[in-house]
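Enquirer: fold the following.
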Amino acid sequence: MTSLRVLSVASEIYPIIKTGGLADVAGALPIALRAEGVEMRTLVPGYPDVLNALAKAEGVLEWQQFFGGTIRLLSGSCGELDLFVLDAPHLFARPGNPYLSPEGKDWPDNGLRFAALSRMAANIGLGAVQDFVPDVVHAHDWQAALTPAYLHYSGRPRPRTMITVHNLAFQGRFPQSMLAEIGLPPDSFNMYGVEYYGDIGFLKAGLRFADIITTVSPTYAVEIQSDEGSMGLGGLLRDRSGDLRGILNGIDTNVWNPATDPAIASRYDAGDLDSRAANKSALQRRFGLEQRPDTFLLGVISRLSWQKGLDLLLEAIPTVLADDMQLAVLGSGDADLQERYRAAAQANGGKIGAVIGYDEELAHQIQAGSDALIVPSRFEPCGLTQLCALRYGAVPIVSRMGGLEDTVTEADTAAIASGAATGFKFAPVTTDNLAAALRRAHAVFGDGPTWRTIQDNGMRTDVSWRDRARRYADLYREMIALAPA
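Expert: Residues are numbered from 1 along each chain as shown. The predicted structure follows:
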């Protein structure tokens, strides 16, 4: 197998810094690709957490003037990850969330910050680091999406480029006045370049200039070409449909493994589901729920937002209460939704519990202890929590959107009889349809042997990166086999 080099460019990476599924993918894919003969290094911003985690760091490059200040490019590692780190204190030496100020607002210079990340990625792509000249540069989401544009406008022989869209809703739009500051030529500002409704569109630029576009599930790849799902980019995506691929995300099955998970009360596997009961009891205690082993316990691990459909779940709480279910919610997001979940928990002690915030260990405990995991998203590029739920025997209850549609098999009569059922789905995405799915799942939960079969089906589903990584490796090789860029 021919070895090839790929530079991945991402604004966050697990386990160092994470706000969402992008970090999980950026952290797991490089490791999975090794079996496919791909050497991947990841360029990430030099946030304080990244610099603190970097082992055996050495300086590779230094510039006195780079997007407004002195910077260094560092090379090092964190665990199994090989990293390049853009050490630019004037841009990234800020604690906490990588995108938001302590007041919860976007940093006003986010355009400059992530243009700098893309510019450095392009420099590496053009050979700035002699020891690592990539065959492919793989950019993730809007924060890295100017990379293909910088390479295009360099006018020099360049590596092949790929952009992966993790969520089309986040596009990175900044004023035209930044064009010279971020080093793009005046003639780039047109509808066939980086211009997007009078602004500079970072994601639009990546979609225009990358050789290949991927997104994180086959169904989402179709949805984003529709007028309803394209977030204003449908024309461009339809124009580039021949270069658009949908590849499902996977999860790190070493991190997410109920047989070895140190965060849960009782370890188990598909052959020992009885040992799972101790996790349900522990979860009920953690959320102040009544200690009732036979109660249908629903879990949620999510950003609390309109996209994720968490307002619909609030409206379905009467069904949860009337049918004597329990609900354990972990998440943060919209202030109004946070307050409403707190209020629901306070008003229904013993039935509903809510932890506002994010806690990685508690996320594992919810997967291990809940009977079912709810993901009622209005749109969902892939989703990772339902993959973890399958792995842990928490039966997913999901909307028929994006990757949720692709990864969960509806437990209808035929699927149950054939041994294919892994969860419950609903559409359209409304409160009534969500409530009906909860009642349908609750009814099947009452049939113990059938419920265990559905759990077993899910736990035996391959949710790893193995086949997904092979798809990426095949695409990389397909790209570099084309005529020189």
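Enquirer: so residue 57 is in which element?
Expert: Using DSSP states H and E, residue 57 sits in strand 55-66.
Enquirer: C-terminal to that strand, what's the next element?
Expert: Using DSSP H and E, the helix or strand that follows strand 55-66 in sequence is strand 69-78.
Enquirer: now that following strand: buried residues?
Expert: Neighbour counts over strand 69-78 (16 or more other Cβ atoms under 10 Å) mark 71-76, 78 as buried. Where you see a C-beta, it was placed from the backbone N, CA and C, and this is true even at glycine.
Enquirer: partners of that strand in the sheet?
Expert: The strands beside strand 69-78 in its sheet (DSSP bridges) come out as strand 55-66 (antiparallel), strand 81-87 (antiparallel).
Enquirer: tell me the one of the buried residues of strand 69-78 nearest residue 113?
Expert: Residue 113 has its nearest neighbour among those in residue 71, at 11.6 Å by Cβ to Cβ.
Enquirer: quick check: closest non-adjacent residue to the closest one.
Expert: Using Cβ to Cβ, 6 or more residues apart in numbering and skipping the chain neighbours, the partner closest in space to residue 71 is residue 88 (4.1 Å).
Enquirer: the spatially closest residue to residue 192 that is not a sequence neighbour: neighbour count?
Expert: Nearest residue to residue 192, sequence neighbours excluded (Cβ to Cβ, 6+ apart): residue 208, at 7.1 Å. Residue 208 has 24 neighbours, counted by other Cβ atoms under 10 Å.
Enquirer: so what does whatever helix or strand residue 208 lives in touch, helix or strand wise?
Expert: Per DSSP H and E, residue 208 falls inside helix 202-209. Packing contacts for helix 202-209, counted by 3 or more Cβ pairs under 8 Å, 6 or more residues apart in numbering; DSSP states H and E, involve helix 110-125, helix 147-154, strand 160-165, helix 234-239.
Enquirer: out of these, flag the one nearest residue 370.
Expert: strand 160-165 (30.0 Å).
Enquirer: could you list every helix and strand that the closest one packs against?
Expert: strand 136-140, helix 147-154, helix 202-209, strand 212-215, helix 466-480.
Enquirer: among the ones you listed, which is nearest residue 294?
Expert: Closest to residue 294 of the helices and strands packed on strand 160-165, according to Cβ to Cβ: helix 466-480, at 37.0 Å.
Enquirer: okay, now the closest residue to residue 396 other than its chain neighbours: neighbour count?
Expert: Of all residues not flanking residue 396 in the chain, residue 423 sits nearest, at 3.8 Å (Cβ to Cβ, 6+ apart). Other residues lying near residue 423 total 28 when counted by other Cβ under 10 Å.
Enquirer: mind starting the numbering at 224 from now?
Expert: Fine by me, first position is 224 from now on; the one you just mentioned is residue 646.
Enquirer: right, and residue 646 touches residue 682 too?
Expert: No: applying Cβ atoms under 8 Å, one finds residue 646 not in contact with residue 682, separated by 12.0 Å.
Enquirer: next, show the common contact partners of these two.
Expert: The contact sets of residue 646 and residue 682 overlap at residue 613 (Cβ atoms under 8 Å, 6 or more residues apart in numbering).
Enquirer: mind pulling up the pLDDT for residue 680?
Expert: pLDDT, residue 680: 97.
Enquirer: next: residue 327.
Expert: With respect to pLDDT, residue 327 has a value of 86.
Enquirer: how close does it get to residue 586?
Expert: Distance of residue 327 to residue 586, computed by Cβ to Cβ, to the nearest Å: 22 Å.
Enquirer: just residue 633 next, same as before
Expert: 25 Å.
Enquirer: any low-confidence regions in the stretch 324-473 of the chain?
Expert: For the stretch 324-473 of the chain, no stretch is flagged by pLDDT under 70.
Enquirer: I'd guessed residue 564 sits against residue 551; true?
Expert: No: with contact defined as Cβ under 8 Å, residue 564 does not count as touching residue 551 (10.9 Å).
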